[in-house]
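Colleague: here's my sequence, what's the structure:
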Amino acid sequence: MLAEIITIGDEILIGQIVDTNSAWIARELNNIGIRVKQISSVSDDRKHILTALKEASQRADVVLITGGLGPTKDDITKKTLADYFGVQLIENKDALDNVLNIFSRYNQPMLDVNRLQAQVPENCEVLLNKNGTAPGMWFNVTGTIYVSMPGVPHEMMYMMEGSVIPKLKSTLKLPFIIHKTILTVGEGESYLAERIADIEDALPPYIKLAYLPKLGQVRLRLSAYGEDEVLLNDNINEFAARIVERVKNVVAAQEDITIEKAILNYMEQNHLTLSIAESCTGGYISHLITQHPGSSKVFFGGTVSYSNELKEDILGVKVETIQQFGAVSNETVVEMVEGALLNFKSDYAIAITGIAGPDGGTPDKPVGTVWIAVANADKTIAKKLTFGNKRQQNIERSAISALNMLNTLLHEKQ
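Modeller: Below is the predicted model of the structure:
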């Protein structure tokens, strides 16, 4: 069962807003066994929308449309859908009652333009919008299902969860889609592919393996499609176990989570605590950690010791260490991480210092030079890494590398 998503609005195409709707809808469809064939964004132009609808109907069984349902003149989706199906717009009583209730609830006068929100193509089934005035519309025409929803994310999400997903499940006979994700860190996708080539070649046709690289990480996603849920689960778990055994030295998690979340889970389960001393990353590692609920069970905190003075005053880095070796050095990062352990009284610590760029480099320490250290009471590990001259990439790569080093140290005694 294939779907296509069409998002409508000039604001998407000029970059004024980011299309988060498509990613969210695609995940929800995948969860119920519908595979997205294509995602398109089109302008608020009648001809463009009509072309997109016609092309989508030739590729997909389900076409989901968001946007263009507002009360202003630039919102033309309803009228264009009526033209596409060759029908008239009519006023729907349930949709009108919904609009009246919303304006009554907020004690606001309803304008004529707001009443037009209750007009819908005569061949649609109305999906009431409990969070706004624009109704959703369900069409089932010549074997293709079309669903038009508001572009406002929270309105669309409530409509999908409350109406569209249940209706799709009850209307269509859907297969099972099962995913299994393995998070690896510290090894590129080409190296991973070579290591597991024979396992990938042995996959049955109903199981696919995808490589999803990100800075310093690769997610290996196994996806199984079919009618027998038990068989799919058994087979996907068998192949996942084979892959994990083969590349276990770089496996950080066997679920679709981030490296920092995998670390937090492990440390919480083992009653371990963490502190961080950051310089060139400017608090980015701490941000990655604290964006997850419950991180306070593990994360004590730390310092962004950007200046040499703070490295000395807060972390206890010796003045002569910085004078002799520089702030970006093995000696300095080791004193930073050991100072964090001592002063913040955590079980583990991360420290990082470097030259993020785009300037500030020297011949012997070019832009992108980073020193990272991780430590516990028994062991300190420091490593020098050299990245490029892109500041944001250097910060992100440094953070992931530091988390990877911590993950390795955490599992060293297993």
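
Colleague: quick one: the one helix or strand A277 maps to to chain centroid distance?
Modeller: Element membership for A277, per DSSP states H and E: strand 274-278. On the basis of Cα atoms, centre = their mean, to the nearest Å, strand 274-278 sits 25 Å off its chain's mean C-alpha point.

Colleague: show me what I381 is bridged to.
Modeller: Counting by DSSP bridges, I381 is bridged to V374.

Colleague: tell me the domain ranges of the chain?
Modeller: 2-171, 176-253, 259-410 (automatic domain parsing).

Colleague: most tightly surrounded among those?
Modeller: domain 259-410 (a mean of 19; mean count of other Cβ atoms under 10 Å). In short, each C-beta sits where N, CA and C put it, glycine included.

Colleague: which residue ranges of the stretch 301-414 of the chain form strands?
Modeller: All strands of the stretch 301-414 of the chain, identified by DSSP state E, counting those that start in this stretch, fall at 348-354, 369-375, 380-386.

Colleague: identify whichever of these lies nearest to V333.
Modeller: With Cβ to Cβ as the criterion, V333 lies closest to strand 369-375 of those, at 4.0 Å.

Colleague: same for the closest one, what does it pack against?
Modeller: helix 330-344, strand 348-354, strand 380-386, helix 391-410 (3 or more Cβ pairs under 8 Å, 6 or more residues apart in numbering; DSSP states H and E).

Colleague: can you redo those as CSV with distance to N123 and mean pLDDT?
Modeller: Below are these laid out as CSV (distance: least, Cβ to Cβ, whole Å; pLDDT from 0 to 100):
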stretch, distance to N123, mean pLDDT
helix 330-344, 65, 98
strand 348-354, 60, 98
strand 380-386, 61, 97
helix 391-410, 50, 94
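
Colleague: just put these in JSON lines and tack on distance to F239.
Modeller: Output for the helices and strands packed on strand 369-375, formatted as JSON lines (distance: least, Cβ to Cβ, whole Å):
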{"stretch": "helix 330-344", "distance to F239": "39"}
{"stretch": "strand 348-354", "distance to F239": "33"}
{"stretch": "strand 380-386", "distance to F239": "33"}
{"stretch": "helix 391-410", "distance to F239": "24"}
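
Colleague: separation between F176 and G226?
Modeller: Remark: distance between F176 and G226 (Cβ to Cβ, to the nearest Å) = 6 Å.

Colleague: name the residues contacting each of these two.
Modeller: Among the neighbours of F176, those also in contact with G226 (Cβ atoms under 8 Å, 6 or more residues apart in numbering) are L232.

Colleague: the strands of the stretch 301-414 of the chain into TSV, with extra columns for distance to E278?
Modeller: As requested, those are arranged in TSV below (distance: least, Cβ to Cβ, whole Å):
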stretch	distance to E278
strand 348-354	6
strand 369-375	10
strand 380-386	15
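
Colleague: nearest to K297, of those?
Modeller: Using Cβ to Cβ, the nearest of these to K297 is strand 348-354, at 13.9 Å.
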